[in-house]
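In: Can you look at this prediction? I've put the sequence above it.
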Amino acid sequence: MASETGTGAAAPVVTRFAPSPTGYLHIGGARTALFNWLFSRHHGGKALLRIEDTDRKRSTQDAIDKIIDGLAWLGLDYDAPPLFQSDRAARHAEVAQQLLAKGHAYRCFATPEELEAMRAEQRARKLPQRYDRRWRDRAESEAPAGAPSVIRLKVPEAGETSIEDAVQGRVTVQNAEIDDYVLLRADGTPTYMLAVVVDDHDMGVTHVIRGDDHLNNAFRQLPIIKAMGWPEPVYAHIPLIHGTDGAKLSKRHGAVGVEAYRDDEGVLPEALFNYLLRLGWGHGDREEITREEAIALFDLAGVGKSPSRFDFKKLQNLNGHYIREADDARLAALVAERLGTGADLALLTCAMPVLKPRARDLNELAEGARFLFAKRPLALDDKARGLLGNEERGLLAAIAAALRAERSWDAEALEARIKALAEQLGLGLGKLAQPMRAALTGTTTSPGIFDVLVLLGRDEALARIEDHAAQPATTS
Ligand code: GLU
């Protein structure tokens, strides 16, 4: 624990999740959020949320809502209301001015045309395209009066910068590789790089846990932190998520937004929570880990260095496990939403114990429950129709008669009745069960047929069988 909390000081852990609201909460973002949240909960620290909405053109309220909604759905709560980066432009500008005053930044008056010419020349000479620091050592008085300027960071030219990354290990970059990038634009607005550093500092962030696509940014952000004399956070850059084909996860691999897993794929939040946890973090061979265990066990040492592969089949299997574990009334409510109007919650709740062992997601669960609310005469699917020939219709008539004689409508008694009939007819039980299933559910797959009879109740079950039986049965 001491090494993970950084310099050894007993500063309480503060993490942040800092999504840019330019789209949905994607799987990678959700995992970053989860790791940050678990790390702070593990250490009894604070988990914070910052919406990085400085790109006003690409940020949308819809994306902000989806991100906040998705995090809440996963059960990730925060210790303060979200901070909106766009509200803090004045503070960011203030820090740029302080850096300027301390000599760690300078004004650059290069015009866009000048910079373009500089880059064209670098291209022609096959040099890396980078600001050539032309205003670093020039006096501001050399600029034309009233000329617009940006503020650039004065990055040390000599030496190197190292990070002891909690996931990547020690990473070193030559300072000469880091450009004197813009902190404050000519119109006075801060750049993203400045905003992140100032916000992390002001929020008291001790651990920056994020995707390793931001590792290079850490080397650009550190010079600001050092120049301001602020404490350096512990960095943990986690490898990106790839698809099963090894390529970076993208839309091509299917749904990438968390809400699509919830709404379209019928995934339970605890399943996605557990799956994301195991995506890049491990604790021995443990597959199923509860939320409380995850908080107790999570550490950055368990985060692997290589990209993890997102495998929807595995998520689905895990989801099946969580469906079997889930409370019946809760599942009934979720299934009722999917089935639309007319779904009886009490009936659905009773049906869950026999439906849930068969389902890997809420869609399958809803499909499996659909027969309960089907209207007579049931529409049969192709297989069920194919199964009900003349012989089977005759059997249905005999079955209906046998069942009518049964007064106690419970699975055991009904099973005994049908078994006796099968014996009497010299047939296997399956010969009777299949036509019954077709008539009762309109399909050829369902929970155990005696459970189906009980769930439907005597009148409905008998009527469904008789709808498809050879002769109208006489009422008893
Ligand atoms: N806003 C950045 C993103 O969504 C994250 C920045 C950070 O974590 O430092 O990729």
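Out: All right, it came through fine.
In: count of neighbours near Arg393?
Out: 15 (other Cβ atoms under 10 Å). No exception for glycine: its C-beta is placed from N, CA and C like everyone else's.
In: try Glu232
Out: Residues lying near Glu232 (other Cβ under 10 Å) number 16.
In: for the one 4 residues further on, same thing?
Out: Other residues near Ala236 number 21, with proximity taken as other Cβ under 10 Å.
In: got a list of what it touches?
Out: Shown in contact with Ala236 (Cβ atoms under 8 Å, 6 or more residues apart in numbering): Phe35, Asp165, Ala166, Val167, His207, Val208, Ile209, Arg210, Leu300, Val303.
In: can you check Arg262 too?
Out: Gly70, Trp73, Pro269, Leu272.
In: host element of Thr444?
Out: Thr444 is part of no helix or strand, with elements assigned from DSSP states H and E.
In: Leaving out the residues flanking it, which one is nearest to it?
Out: Spatial nearest neighbour of Thr444, chain neighbours left out: Lys383 (4.5 Å); criterion: Cβ to Cβ, 6 or more residues apart in numbering.
In: ok, and what's touching the one helix or strand the one you found maps to?
Out: Applying DSSP H and E as the criterion places Lys383 in helix 382-387. When contacts are defined by Cβ under 8 Å, 6+ apart, helix 382-387 is touched by residues Gln434, Pro435, Arg437, Ala438, Thr441, Gly442, Thr443, Thr444.
In: The first one against Thr444, yeah?
Out: Yes: Gln434 is within contact range of Thr444, at 7.0 Å (criterion: Cβ atoms under 8 Å).
In: sorry, back to before: export the helix holding Lys383 as CSV, just CAs?
Out: Provided in CSV are the C-alpha atoms of helix 382-387 (Å, rounded to 0.1, in the frame of the first residue of the first chain):
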residue,chain,number,x,y,z
ASP,A,382,-42.7,-23.1,-37.4
LYS,A,383,-41.1,-25.8,-35.4
ALA,A,384,-44.1,-26.0,-33.0
ARG,A,385,-46.5,-26.2,-35.9
GLY,A,386,-44.4,-28.9,-37.6
LEU,A,387,-44.6,-30.9,-34.4
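In: coming back round to it: next, count neighbours for the residue nearest to Thr444.
Out: Lys383 has 13 neighbours, counted by other Cβ under 10 Å.
In: Helices of the stretch 301-450 of the chain, start to end?
Out: 312-325, 328-339, 345-355, 362-369, 382-387, 390-404, 411-425, 429-441, 449-456 (DSSP state H, counting those that start in this stretch).
In: can I get those helices in a markdown table with distance to the ligand?
Out: As requested, the helices of the stretch 301-450 of the chain are exported to a markdown table (distance: least, Cβ to the nearest ligand atom, whole Å):
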| stretch | distance to the ligand |
| --- | --- |
| helix 312-325 | 23 |
| helix 328-339 | 30 |
| helix 345-355 | 39 |
| helix 362-369 | 29 |
| helix 382-387 | 48 |
| helix 390-404 | 60 |
| helix 411-425 | 54 |
| helix 429-441 | 47 |
| helix 449-456 | 48 |
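In: Using TSV, lay out these together with mean pLDDT.
Out: Compiled in TSV, the helices of the stretch 301-450 of the chain are given as follows (pLDDT from 0 to 100):
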stretch	mean pLDDT
helix 312-325	96
helix 328-339	96
helix 345-355	97
helix 362-369	96
helix 382-387	96
helix 390-404	97
helix 411-425	97
helix 429-441	97
helix 449-456	97
